[in-house]
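In: Provided below are the primary sequence and the corresponding predicted coordinates.
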Amino acid sequence: MIVICGATGSMGPHLVKSLQDKGVPFRAAVRSPEAARQKLGAQVPLVPFDLERPATFAEALRGASQVFCAVGGATGTPELVACEQRLIDAAKAAGVGHYVKLSGIDAQVDSPSKIQRMHAEIERHLRASGLSATVLKPSFFFQNFLGLQPAIAEGVLPVPTGQAKAGLIDARDIADVAAAALTTPALRGATYTLTGPRSLSHGEVAAILSAVLERPVQHVDLPAQAFEQSLVQAGLPGWFANLLADVYATVFAPGLIDRVTGDVRRVTGHEPRSLEAFVREHRAAFLGAASAAA
């Protein structure tokens with residue numbers, strides 16, 4: 001039995017579908033079963049779970065052989081390190097044999113980024129736990145651009161990255177790697193650095209958006225503080241907006257993650273999805289109200 005913690009995030013629903021398609025037993029550990037059913041469907045088995053309430057861990061982990069954990073997003077907690085470390089300890093105590101952690105591409109204990117240092121601390125705790133551990137270290141998600149849709153619909157891509165590049169990736173490719181690691185014993189115990197097919201600057205992203213949406217979109221190198229404020233205005237909690245602005249400014253902008261790897265292809269057998277394909281698929285969502293006014 002696989003327990004998915006973080007099933008309603010950017011990649012969680014894709015992992016759920018993949019495991020369903022494979023006929024693999026799993027359950028989604030969720031804070032709000034009602035909201036999860038709306039996002040995941042009525043057929044997905046759910047169990048109540050709250051990362052900030054350790055009393056919920058035992059039931060969520062009961063009978064589990066593997067755990068997939070992706071809880072570092074906006075619906076998580078600013079106390080991520082302590083909370084996920086407690087979850088790892090609970091998984092060990094429950095007899096879980098394999099733990100798959102979603103981390104970050106440049107997660108290091110001495111990273112200039114707060115969130116990357118947090119993930120590195122959790123990774124270190126996981127490795128010291130004695131659990132069989134697989135760590136996924138993805139680059140920035142294509143799906144992040146959907147969160148910037150209102151600005152993109154107005155012709156602006158406001159991100160504090162300068163001209164630096166990164167191997168941006170579709171969250172579905174991360175889900176494909178996670179599904180493979182959870183269902184193929186030979187893939188367990190490794191660390192996978194996951195990127196898309198090529199490294200892109202946000203100027204190049206804006207050009208792709210312009211071409212596919214058939215509307216001009218320009219990258220604006222917004223100061224990190226202004227970017228943080230815009231995220232808060234868009235509805236993100238302040239603590240998470242701060243972490244996002246910080247990681248863009250301290251890791252992406254200096255070019256620390258300008259790399260492309262072959263791990264998606266090696267693990268899944270398919271090439272990672274392109275940004276052009278992603279934007280075409282989500283064209284209507286990106287245009288939003290602007291498409292109705294056209």
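Out: In hand now; what should we look at? Numbering: from 1, shown residues only.

In: correct me, but S199 touches I169?
Out: No - at 10.9 Å, S199 does not count as touching I169 under the criterion of C-beta atoms under 8 Å. Backbone N, C-alpha and C define where each C-beta goes, glycine included.

In: who has more neighbours, the two?
Out: Set S199 next to I169 and count neighbours by other C-beta atoms under 10 Å: I169 wins out with 28 against 18.

In: let me know the secondary structure of the nearest residue to that one once chain neighbours are set aside.
Out: The shortest distance from I169 to any non-neighbouring residue, by C-beta to C-beta, 6 or more residues apart in numbering, is to G196 (4.3 Å). Following DSSP: H, G, I helix; E, B strand; the rest coil, the label given to G196 is coil.

In: show me what contacts G196?
Out: By C-beta atoms under 8 Å, 6 or more residues apart in numbering, the residues touching G196 are S139, F142, G167, L168, I169, D170, D173, V260, P272, R273, S274, L275.

In: show me the contacts for the fourth one.
Out: Residues touching L168, when contacts are defined by C-beta under 8 Å, 6+ apart, comprise S139, F140, F141, F142, T195, G196, S199, L200, V205, L275.

In: and which of these is nearest Q43?
Out: Set against Q43, the nearest of the contacts of L168 by C-beta to C-beta is F141 (26.0 Å).

In: read off the pLDDT value for R124.
Out: R124 is assigned 97 on the pLDDT scale.

In: look up how far S274 lies from it.
Out: R124 sits 34 Å away from S274, going by C-beta to C-beta, to the nearest Å.

In: the more surrounded of these two?
Out: Counting neighbours by other C-beta under 10 Å for R124 and for S274 shows that S274 has the greater number, 17 against 13.

In: could you check how far the more buried one is from V212?
Out: Noted for S274: a distance of 11 Å to V212, by C-beta to C-beta.

In: G262 now?
Out: Going from G262 to V212 by C-beta to C-beta gives 26 Å.

In: quick one: which of those two has more around it?
Out: Applying other C-beta under 10 Å to G262 and V212 shows that V212 carries more neighbours, namely 19 against 12.

In: let me know the secondary structure of the more buried one.
Out: helix.

In: so which residues of the stretch 101-250 of the chain form strands?
Out: Here the stretch 101-250 of the chain has its strands, by DSSP state E, counting those that start in this stretch, at 132-138, 156-158, 165-166, 191-194, 200-201, 218-220.

In: now do the same contact list for the closest residue to S230 other than its chain neighbours.
Out: Using C-beta to C-beta, 6+ apart and skipping the chain neighbours, the partner closest in space to S230 is P158 (6.5 Å). For P158, the contact set (C-beta under 8 Å, 6+ apart) comprises L148, A151, H219, V220, L222, A226, F227, S230.

In: name the nearest of those relative to S129.
Out: Of all these, F227 has the smallest distance to S129: 35.7 Å, by C-beta to C-beta.

In: what's the burial count for the closest one?
Out: Per other C-beta under 10 Å, the neighbour tally for F227 reads 23.

In: these two touch, right, it and P160?
Out: Yes - in this structure, F227 is within contact of P160 by C-beta under 8 Å, at 4.8 Å.

In: overlap in contacts, those two.
Out: Taking C-beta under 8 Å, 6+ apart as the contact rule, the neighbours common to F227 and P160 are A245, Y248, A249.

In: among the residues you listed, which are located in helices?
Out: Counting by DSSP state H, the shared contacts of F227 and P160 place A245 in helices.
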